[in-house]
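1. Generate coordinates for the sequence data below:
(chains A and B)
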Amino acid sequence: MESIISYFTSLNPMNLFGSIPGAVAQGIIWGIMALGVYITFRILDIADLTVDGSFTTGAAVTVMLKIAGVPMWLCLLVAVLAGLVAGTVTGLLHTKLGIPAILAGILTQLALYSINLRIMGMSANKSFNFGEKDLYVTLGNIPMAIIVTVIFAVAIILLLYWYFGTEQGSALRATGSNHSMSSAQGININNMKIIGLALSNALVALSGGLMSQFQGYVDINMGRGAIVIGLAAVIIGEVIGLALLGKHLNFWGKLTFVVFGGVVYYIVITIVLWLKLDSNDLKLFTAVIVALFLAVPYLRGQKKSSFKLAKKRGEKLDAENK
Amino acid sequence: MLKINNIEKTFNPGTINEKKALSGVSLHLNKGDFVTIIGGNGAGKSTLMNAITGVWPVDNGSIYLDGVNITGLREHQRAKYIGRVFQDPMMGTAPDMQIVENLALAFRRGQRRTLKWGTTSAEKSMFRERLSTLGLGLEDRMTTKVGLLSGGQRQALTLLMASLRKPKLLLLDEHTAALDPSTAAKVLDLSDKIISEDSLTAMMITHNMHDAITHGNRLIMMNEGKIILDISGEEKKKLTVEHLLEKFEQVSGSKLENDRMLLSTD
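-> Next comes the predicted model:
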C-alpha cells in the first residue's frame, strides 16, 4: 500500500505538462514518416519494411553532411534522394526479381544497416557539431520546432493531395486497388509500385533527417520499429478520423489524421514514460497498442456478425417457434 | 485486322501438371468482325484471349493487330489497342475509386500518365453523357466508389470503360456469366449496341449456344486448344443449335456431351 502511495506521490503532473509540447513536435515528425507508410500500406497495399532502414539513412545523411559543412536544406534534399533510392531498390527487388514485397523490404532494410554504418563512418552514433546553429528543429526551441514541423507536414499533405489527383497518382491508386484492371487500362503496374515505394521512403528519410536534428544526433538503431510506429500512426489516425468524421472523412482528412495519429501515439508514449514504465519495455508496449488498433475493425465486425451470434439468434428463434 | 498465326502455349511444361492449352491456333479477323467463341471448359477460349491481351508471352507463333506485331508487347503496352471485359465483375474496375475516376483512367488508356490533373471538367460532362446511355442511373452517382456497385452495374461500367477510347479490338470473356439472367440480357444488349455503333472488331466468349448464334457475324468453336469450327456469313445466319451440335460431332468425331461441355442450349 505504502509503495503505491509513494509511487503516485512521486509522479509530478508538471513534468508531464512540461513534456507534452516536445512530444507534439516529435509526434509530428513521426507523422511525416507515417505519411510515407500510408502510401505503401494503404494506397499500394504493400507492407514495406524498408522503412526501418531508410529512416536511419535519412538521419545519417543529414548529420554527416551537416558535420561536413553542407547547408541544412541541401542535407535534407540529399536525405530525401537517399530514401528515394532505398525505396527504388526494394521496388526493383520486388518487381524485376520477383521477390515478395515484404521480403524485398526486409532485404533492403538489412542491407541499409551496413550502409548506414558506412555513412556514419563506422560508428554507431554521431552528433551534430557542438553549438550547430543551422538546424530547422531542435529540442532547445520547442515552440519553433512545432511551427516548423507543422509547416513541413502541411506542405507534404498538400503535395500528396495534388499528386494523387494527377493522372500518374490516379494510376498509382488504381494499381493498389486492382492489378488486373490497371494492366487492362494500360498502366505499368511494376513502375507504379516502384514509384510508390520510392516516394514513401523519400518521406521516411526526410522524417529521419528532421528527427536527427530534433534529438541532436543519429543512432544506428533509431529506425528500429519505425514501421510499427508508422502503422500505429496510420491506424490510430484512421480510427479517430472515422470516429469524428465518419463518412465525411475524405482524402484531405485521411492524410491529416495520419499526422495526428503520430502525435497521439507520441503523447501516449510520453504519458507511459511519465508513469515510469521502463523505456526498454516501450517496443513491447507499442506492439501491443498496434495489435489492439489493428484488431478493432475486425472485432467491431464480429460484434455485428459472427458464428457465435448466428447460433445464439438461431436458437432463440427456434425456441420461440416451439 | 487481327492475325493470329499458329500460336502455342503450354502451362507448367515438364511437370506432372503440364497442359497444352493452345496447340497451333490461327485466326484472321477482318475489320468489323464480331466473333462469338464457344467450347467446353478447358477448350482454350480464355487462354486465347489471354494470349491476345498479353497476360503472358506465347511459346510459339505470332500475333498482329492492324499490321503491328504485338507478340513481344506486354499487357499494359497492348492495352492501347485492346479493350477487355472480364468474366469476374470484380476484375474490371478499381473498387476503391470513384466511378468518374475509373472512367478517367480508362480514357487515358494507351497514353502517358503525366502530372496533369486526373480528370478535366469537360471530360466529366462527357462521362456523364456516356453513363446515361447505360440507363442505370450511374450518371447521378459519378462520385460513388465503384466497390459499392452491383456486379451488373460494374460489368456495364467495365464495358463502357473498355470502349471509351475506341479500341481496335474488344474482347468479352464470358462477361455475362456471373450475372443474373435479366442483367445478363441487358449487358449483352449493351455490348451489341456499343459494338455496332462504334463498328468495333470484337470477340465474345459465351457458354450459351443460342447467344453465340444470334450475336455476331462469325462463330468459332474450340476444343482441346484448337479451333475446330469456323462458321461465318450466310451459313452462320442459318445456324441452329441442333445444327451446331451435329457439326461438332462431324468435326471432332465424338458425340458432344452437353453436360461436360457446360453449354446451355436455351
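
2. Average pLDDT for the helix or strand encompassing residue A:235, rounded please.
-> Here residue A:235, judged by DSSP states H and E, is contained in helix A:226-245. Helix A:226-245 shows a mean pLDDT of 92.

3. Can you spell out which helices and strands pack onto it?
-> Counting contacts by 3 or more C-beta pairs under 8 Å, 6 or more residues apart in numbering or on different chains; DSSP states H and E, helix A:226-245 packs against helix A:13-38, helix A:51-67, helix A:251-274, helix A:282-304. In short, each C-beta sits where N, CA and C put it, glycine included.

4. which of the ones you listed sits most buried?
-> Stretch with highest mean neighbour count among the helices and strands packed on helix A:226-245: helix A:51-67 (a mean of 29; mean count of other C-beta atoms under 10 Å in any protein chain shown).

5. and after it, which helix or strand comes next?
-> Following helix A:51-67 in sequence, per DSSP H and E, is helix A:72-95.

6. Direction-wise, compare the helix holding residue A:235 with helix A:282-304 and give the angle.
-> 40 degrees (axes from the mean of the first three to the mean of the last three C-alpha atoms, to 10 degrees).

7. which parts of the helix or strand bottoming out on mean pLDDT in chain A are buried?
-> When the helices and strands of chain A are scored by mean pLDDT, DSSP states H and E, helix A:2-10 comes last with a mean of 81. Buried positions in helix A:2-10, judged by neighbour count with 16 or more other C-beta atoms under 10 Å in any protein chain shown: none.

8. Ok, stretch A:164-178 next?
-> Result for stretch A:164-178 [16+ other C-beta under 10 Å]: buried residues A:164-178.

9. What are the contacting residues of that stretch?
-> Contacts with stretch A:164-178, where a contact means C-beta atoms under 8 Å, 6 or more residues apart in numbering or on different chains, come from A:42-46, A:162-163, A:181-182, A:185, A:187, A:189, A:192-193, A:195-196, A:251, B:90-91, B:93-97, B:101-102, B:104-105, B:108, B:113-118.

10. Filter the residues you listed down to the buried ones, PyMOL style.
-> Entered in PyMOL, the line below selects the buried ones among these, by 16+ other C-beta under 10 Å:
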select buried, (chain A and resi 42+43+44+46+163+181+182+185+187+189+192+193+195+196) or (chain B and resi 90+91+93+94+96+97+101+102+104+105+108+113+118)
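
11. Which members of the contacts of stretch A:164-178 are positioned in helices?
-> A:162-163, A:181-182, A:189, A:192-193, A:195-196, A:251, B:101-102, B:104-105 (DSSP state H).

12. and the helix holding residue A:235, how far from the chain's centre?
-> Put simply, helix A:226-245 sits 10 Å off its chain's centre (C-alpha atoms, centre = their mean, to the nearest Å).

13. and if you look at stretch A:21-41?
-> Relative to the chain's own centre, stretch A:21-41 is displaced by 5 Å; criterion: C-alpha atoms, centre = their mean.

14. And the pLDDT at the residue in the stretch 201-322 of chain A that chain B sits nearest to?
-> Proximity to chain B, evaluated over the stretch 201-322 of chain A using C-beta to the nearest C-beta, is greatest for residue A:250 at 10.5 Å. pLDDT for residue A:250: 92.
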